[in-house]
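K.L.:
need coordinates for the below:
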Amino acid sequence: MDIVVYTDGSYKEVEGFGAAYAGAAIICRDGADPVQLTSAGSEPSYISMRNVAGEIIAVMMACEYSMNSLKVTQAD
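P.N.:
Alright, predicted model coming up:
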């Protein structure tokens, strides 16, 4: 099974709200529609990483989805 994953992270400061980071992943595999995953947060311990926090959660979401839904293992 060939799987390609694209990830991205972002960071934004919003007046009156504070700062937030977000991450997105698109998982593409042969013969299937792409899967889109997104998440955002404002965890104080992650905010200092800015967009890198979003990148990290995007990769974590893609790994979790691949292991749980696609049954991908380390051997794959």
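
K.L.:
residue ranges with poor pLDDT in this protein?
P.N.:
1 (pLDDT under 70).

K.L.:
let's check: the centremost residue of it is which one?
P.N.:
The centre of the chain sits closest to Ala58, judged by Cα atoms, centre = their mean, with a distance of 1.2 Å.

K.L.:
what ranges does this structure have for its helices?
P.N.:
44-47, 51-68 (DSSP state H).

K.L.:
centre of this protein to the edge, which residue is at the far end?
P.N.:
For the chain, the residue at maximal distance from the C-alpha centroid (Cα atoms, centre = their mean) is Gly16, at 25.9 Å.

K.L.:
wait, doesn't Asn51 sit right on Tyr21?
P.N.:
Yes - using Cβ atoms under 8 Å, Asn51 is in contact with Tyr21, at 6.5 Å. Heads up, the C-betas are built off the backbone N, CA and C, glycines and all.

K.L.:
spatially nearest residue to Val52 (excluding sequence neighbours)?
P.N.:
Closest residue to Val52 apart from its sequence neighbours, by Cβ to Cβ, 6 or more residues apart in numbering: Gly9 at 6.4 Å.

K.L.:
so what pairs up with the one you found in the strands?
P.N.:
Gly23 (DSSP bridges).

K.L.:
pretty sure it contacts Ile56?
P.N.:
Yes - using Cβ under 8 Å, Gly9 makes contact with Ile56 at a distance of 7.2 Å.

K.L.:
looking at those two, which has the bigger crowd around it?
P.N.:
Neighbours per residue (other Cβ atoms under 10 Å) separate Gly9 from Ile56, with Gly9 holding more: 20 against 16.

K.L.:
need the contact list for that one.
P.N.:
Residues in contact with Gly9 (Cβ atoms under 8 Å, 6 or more residues apart in numbering) are Tyr21, Ala22, Gly23, Ala24, Asn51, Val52, Ala53, Gly54, Glu55, Ile56, Ile57, Ala58.
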